[in-house]
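1. Got a sequence here, can you build the structure:
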Amino acid sequence: MQQDPKEQAPDVSKKTFCGGLLEDIRIGDPTEESTANQGEDQPAMCMITEKELGDHLAILGKKYFDLVWYSRSDPDHPGLSEAHRARIISAQNRIEATYPKEIDALCSETDNWECGFNNGMMAGVRFVLTAMDYGLELAEDEFPFLDT
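-> Now for the predicted structure:
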């Protein structure tokens, strides 16, 4: 007797992204460990689900959005209302408290390396998230998407 097709859920936990574009990333049951290409001193590689990867990329996307916004924000910009200025300062304080090491590096730099890194990470994370959610064509059309 065959099982009702409605009861057969597809196994999306091992799905590859973008038709195999990211096939080297191991996606699957996070409780499974791979021992391939593993030396004695190396821990086993843990596989992650597509949802876990997407969730982690979303966290990174928020982080780098905040850092890029921080470097672009200016509460002393002419023409801002006091209420707008106060919201900018409040957001800057939140970002400084959340990412103290990154803000120290950003504020102490003598060149634009940290700023460029943060912009590149934001663009790269957005590219992967867009490709995962909407397809590679849209991701390529929008890359690099650096709006804050």
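
2. quick one: low-confidence parts of this protein?
-> Applying pLDDT under 70 to the chain flags the ranges 1-46, 109, 148.

3. where exactly do the helices run in it?
-> 50-72, 82-98, 100-108, 113-134, 136-142 (DSSP state H).

4. Would you mind reformatting these (as TSV) and adding columns for mean neighbour count while you're at it?
-> C-beta here means a position set from N, CA and C on the backbone, and glycine is covered the same way. Below are the helices of the chain laid out as TSV (neighbours: other C-beta atoms under 10 Å):
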stretch	mean neighbour count
helix 50-72	16
helix 82-98	13
helix 100-108	13
helix 113-134	17
helix 136-142	14
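
5. Just list the residues touching residue 139, thanks.
-> 127-128, 130-131 (C-beta atoms under 8 Å, 6 or more residues apart in numbering).

6. Now tabulate those in CSV and tack on distance to residue 140.
-> Below are those laid out as CSV (distance: C-beta to C-beta, whole Å):
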residue, distance to residue 140
127, 8
128, 12
130, 9
131, 8
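
7. quick one: which of those is nearest residue 59?
-> residue 128 (12.9 Å; C-beta to C-beta).

8. How much space separates residue 96 from residue 130?
-> 29 Å (C-beta to C-beta, to the nearest Å).

9. and if you look at residue 124?
-> Going from residue 124 to residue 130 by C-beta to C-beta gives 11 Å.

10. And residue 81, by the same measure?
-> Residue 81 is 34 Å from residue 130, by C-beta to C-beta.

11. same deal with residue 65?
-> 14 Å.

12. Now do the shared contacts for those two.
-> Contacts common to residue 65 and residue 130, judged by C-beta under 8 Å, 6+ apart, are absent.

13. Leaving out the residues flanking it, which one is nearest to residue 67?
-> With C-beta to C-beta, 6 or more residues apart in numbering as the criterion, residue 67 has its nearest non-adjacent residue at 4.4 Å, and that residue is residue 118.

14. correct me, but the one you found touches residue 103?
-> No. With contact defined as C-beta atoms under 8 Å, residue 118 does not count as touching residue 103 (10.7 Å).

15. so what sits against both of the two?
-> residue 67.
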